[in-house]
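Trainee: Sharing a model prediction with you, sequence too.
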Amino acid sequence: MTEVDEVLSRLRRYPDVEAVNLYAVDAADRLLLEVAAPELAAAGPGQVAIIDDGYGALTLGAAAAHDLRGLRVHQDLLTGELALANNARAVGFSDRYTAHPLDRTLLEGATVVLLRLPRALSGLAEIADAIARYADPTVKVFAGARDKYLTPAMNDVLAESFSSVHASRGRQKSRVLQAAGPKPLGAPPFPVHASLDEISLDVVAHGAAFSGPRLDIGTRFLLDHLRRMKPDARDAVDLGCGTGILAVALAKSRPAVSVVGTDQSAAAVASARATAAANGVAGQVTVVRDDAMSAIADHSADLVLCNPPFHVGAAVHTGSAIKMFAETGRVLRPGGELWTVYNSHLNYRGVMERMVGRTEVIARNPKFTVTRSVRGLRDARPV
């Protein structure tokens, strides 16, 4: 076994959801490291940037294969950032990289960029623009994914920022897009600003934020019931806040309520803060980057709003939502309420009954279910 194989074999997803069908390393990671190997071998300290490295396979694999130091890394998701830190400590590579936001500090002087392609084209557009804007003019970009998540539109998005874009040969149902030749760029296209007239709210969205500058239909359905949500609430949490629409709508409708928006996505947190400011409630809405309210104190909230995910990365998996419900049971005060909207086929009601408290269906349409769970006087029981 090579040193690279030994390092990759030790990687875990923790603190993200771990399950038999979820992996810390996949074929796209390995193909990226192989295709980019000549450029990585020639790179000097501080010349390699890595973006959205799921759990550290690219960062730690590159460090092991080429003895690289001064790697600069940006991960949108906090769970990925924490998993990389844990894995780096486990293999003794904590001093090989530094974490950065998606900005000049990440990319200035970079001649090689490794990227796991995001599923959202808007996320890819913001990343490509940042690389072309800040990296060395000789930069080469290696962007990989599993074949089933690649689309021709990704080539087109990269071509908006780079003069040369082509794909590698596929292997194990994975492929790498390569880009070079940054184009001259105008003003940064992100974040995007939009007015949502139907709910009288302005939204600001970075590329990787869920639903972008639009009103997600599940969120819209939950907002129909805003007035019924615990009228005497003093402290509320928008759990998985995205661009902050729920948090801001609640703050605007109830000036006396203190609202915390939490999300593990750096793009979502930046978007929600900007959305709060755009609507004049920045003093009432606090936005934090957090993993399922782990930093919020026990019994500190009267109301939690949640439009939970049912994907973990690219895999359909309910583990993230279950983690959110478990934390909600801890954070709510007795008598506090969790209001949730979810795809009806997921049938979360039983889980919320066990983890939060008595749960009733408030509304249902052909796609979504809205529920209210009331935290009882007893402690919530684990699944």
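Mentor: That came through, no problem.
Trainee: what's the pLDDT at residue 372?
Mentor: Here the pLDDT value assigned to residue 372 is 97.
Trainee: Just confirm it is within a strand.
Mentor: Yes. Assessed with DSSP: H, G, I helix; E, B strand; the rest coil, residue 372 lies in a strand.
Trainee: Can you name the residues that contact it?
Mentor: 228, 229, 337, 338, 339, 359, 360, 362 (CB atoms under 8 Å, 6 or more residues apart in numbering). (C-beta placed from N, C-alpha, C; glycine too.)
Trainee: Most neighbours of all the residues you listed, which one?
Mentor: Within the contacts of residue 372, neighbour counts (other CB atoms under 10 Å) peak at residue 338, which reaches 29 neighbours.
Trainee: tell me the contacts of that one?
Mentor: With the criterion set at CB under 8 Å, 6+ apart, residue 338 makes contact with 303-306, 325, 328, 332, 352, 356, 371-373, 375.
Trainee: Same question for residue 254.
Mentor: residue 233.
Trainee: And it, how far from residue 245?
Mentor: From residue 254 across to residue 245, the span is 15 Å (CB to CB, to the nearest Å).
Trainee: hang on, the earlier thing: for the contacts of residue 372, give me JSON lines that also has distance to residue 282, pLDDT and secondary structure.
Mentor: Below are the contacts of residue 372 laid out as JSON lines (distance: CB to CB, whole Å; pLDDT from 0 to 100; DSSP: H, G, I helix; E, B strand; the rest coil):
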{"residue": "228", "distance to residue 282": "26", "pLDDT": "97", "secondary structure": "helix"}
{"residue": "229", "distance to residue 282": "22", "pLDDT": "98", "secondary structure": "coil"}
{"residue": "337", "distance to residue 282": "25", "pLDDT": "98", "secondary structure": "strand"}
{"residue": "338", "distance to residue 282": "25", "pLDDT": "97", "secondary structure": "strand"}
{"residue": "339", "distance to residue 282": "23", "pLDDT": "98", "secondary structure": "strand"}
{"residue": "359", "distance to residue 282": "33", "pLDDT": "96", "secondary structure": "strand"}
{"residue": "360", "distance to residue 282": "34", "pLDDT": "96", "secondary structure": "strand"}
{"residue": "362", "distance to residue 282": "30", "pLDDT": "97", "secondary structure": "strand"}
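Trainee: State the three-state secondary structure for residue 198.
Mentor: Classification of residue 198 using three-state DSSP returns helix.
Trainee: show me what contacts it?
Mentor: Contacts of residue 198 by CB under 8 Å, 6+ apart are 215, 220.
Trainee: Go again with 10 Å.
Mentor: For residue 198, the contact set (CB atoms under 10 Å, 6 or more residues apart in numbering) comprises 215, 220, 223.
Trainee: Return the closest of those residues with respect to residue 71.
Mentor: Nearest to residue 71 among these: residue 215, at 38.5 Å, using CB to CB.
Trainee: how deep is the closest residue to residue 118 other than its chain neighbours tucked in, by neighbour count?
Mentor: In space, and not counting its chain neighbours, residue 118 is closest to residue 124: 5.5 Å by CB to CB, 6 or more residues apart in numbering. For residue 124, the count of nearby residues is 24 (other CB under 10 Å).
Trainee: Residue 124 - that's part of a helix, no?
Mentor: Yes. Under three-state DSSP, residue 124 sits within a helix.
Trainee: contacting residues around it?
Mentor: For residue 124, the contacting residues are 52, 115, 117-118, 143, 153-154, 157-158, 160-161, 177, 207-208, by CB under 10 Å, 6+ apart.
Trainee: Quick one: residues contacting residue 66.
Mentor: With CB under 10 Å, 6+ apart, residue 66 has these contacts: 4, 33, 36, 37, 39, 40, 41, 42, 43, 48.
Trainee: circling back to that earlier point, secondary structure, pLDDT and neighbour count for the contacts of residue 198 - can I get that in TSV?
Mentor: Putting these into TSV (DSSP: H, G, I helix; E, B strand; the rest coil; pLDDT from 0 to 100; neighbours: other CB atoms under 10 Å) gives the following:
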residue	secondary structure	pLDDT	neighbour count
215	coil	96	17
220	helix	96	16
223	helix	97	22
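Trainee: Out of those residues, the closest to residue 98 would be?
Mentor: Nearest to residue 98 among the contacts of residue 198, counting by CB to CB, is residue 215 at 37.0 Å.
Trainee: which non-adjacent residue is nearest that closest one?
Mentor: Spatial nearest neighbour of residue 215, chain neighbours left out: residue 196 (5.3 Å); criterion: CB to CB, 6+ apart.
Trainee: swap in residue 202?
Mentor: Counting by CB to CB, 6+ apart, residue 278 is the residue found nearest to residue 202 once chain neighbours are left out, at 4.4 Å.
Trainee: How many residues are close by the one you found?
Mentor: 18.
Trainee: One more: residue 172?
Mentor: Residues lying near residue 172 (other CB under 10 Å) number 12.
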